[in-house]
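A.B. asks: Below: sequence and its predicted model.
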Amino acid sequence: MADLTITQPFRRRVLAAVVGVLAIGTGTVVASAPAHAASSGLCGYTNAQPEITVGSQGIAVEQAQCELNYAYAFGHSTNYGNGSYHGLTVDGDFGQNTEAATKNFQIHCMGATNPDGVIGPNTWSALNYWVAQAGYC
């Protein structure tokens with residue numbers, strides 16, 4: 001029997017893209033969500049997106065770690081703390097691995113020249129955008 005766990009991130013992205021195309025194709029109009037609202041059903045921890053940084057803990061950190069995985073970490077060879085598919089471990093603890101993934105995301109996906117490793121409104125917005133895309137940034 002084939003190991004389907006390897007294909008899960010890809011399958012979820014394809015499903016998200018198909019659902020988006022079907023919604024557009026059927027003429028469904030969706031009001032735009034505020035920049036701080038979660039944009040994907042892939043990470044269903046919380047819609048709250050407060051500013052978080054090293055030392056932060058809780059469900060918002062889990063949301064951020066999950067979104068960092070789908071937006072960036074799964075698509076790169078760097079392993080941030082032995083998480084699945086070379087991603088972050090979603091543990092709700094904003095530590096050094098989450099900070100490193102955040103800084104790399106800010107550099108490579110947001111064009112930051114001086115990344116701060118803080119997930120605030122701009123980083124949440126970029127995460128929301130990239131999680132909704134069919135590929136990684």
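C.D. replies: Perfect, I can see it now. Numbering: from 1, shown residues only.
A.B. asks: what ranges of the protein fall below the confidence cut-off?
C.D. replies: For the chain, applying pLDDT under 70 flags the ranges 1-41, 77-79, 81-84.
A.B. asks: what does stretch 105-115 contact?
C.D. replies: For stretch 105-115, contacts defined as C-beta atoms under 8 Å, 6 or more residues apart in numbering pick out 68, 71-72, 102-104, 116-117, 122-123, 126-127, 130, 137. Just so you know, the C-beta spots here come from the backbone N, C-alpha and C atoms, and that holds for glycine as well.
A.B. asks: That one: end-to-end distance?
C.D. replies: Stretch 105-115 has an end-to-end distance of 9 Å (C-alpha to C-alpha, to the nearest Å).
A.B. asks: List the buried residues of it.
C.D. replies: Phe105, Gln106, Cys109, Met110, Ala112, Pro115 (16 or more other C-beta atoms under 10 Å).
A.B. asks: and the two most separated of these?
C.D. replies: Cys109 and Pro115 (10.3 Å; C-beta to C-beta).
A.B. asks: Now which of the contacts of stretch 105-115 would you call buried?
C.D. replies: Buried, going by 16+ other C-beta under 10 Å: Leu68, Ala71, Tyr72, Thr102, Lys103, Asn104, Gly117, Thr123, Ala126, Leu127, Trp130, Cys137, out of the contacts of stretch 105-115.
A.B. asks: Same list (those residues) but as TSV, adding distance to Asn47.
C.D. replies: Shown next, in TSV, are the buried ones among the contacts of stretch 105-115 (distance: C-beta to C-beta, whole Å):
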residue	distance to Asn47
Leu68	17
Ala71	17
Tyr72	21
Thr102	19
Lys103	25
Asn104	25
Gly117	23
Thr123	16
Ala126	17
Leu127	13
Trp130	17
Cys137	22
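A.B. asks: Sort out which of these are in helices and list them.
C.D. replies: Leu68, Ala71, Thr102, Lys103, Asn104, Thr123, Ala126, Leu127, Trp130 (DSSP state H).
A.B. asks: wait, what's in contact with the closest residue to the fifth one other than its chain neighbours?
C.D. replies: Distances taken as C-beta to C-beta, 6 or more residues apart in numbering place Tyr72 nearest to Asn104, at 6.8 Å, with adjacent residues excluded. With contacts defined as C-beta under 8 Å, 6+ apart, Tyr72 is in contact with Ala101, Asn104, Phe105, His108, Cys109, Trp130, Tyr136, Cys137.
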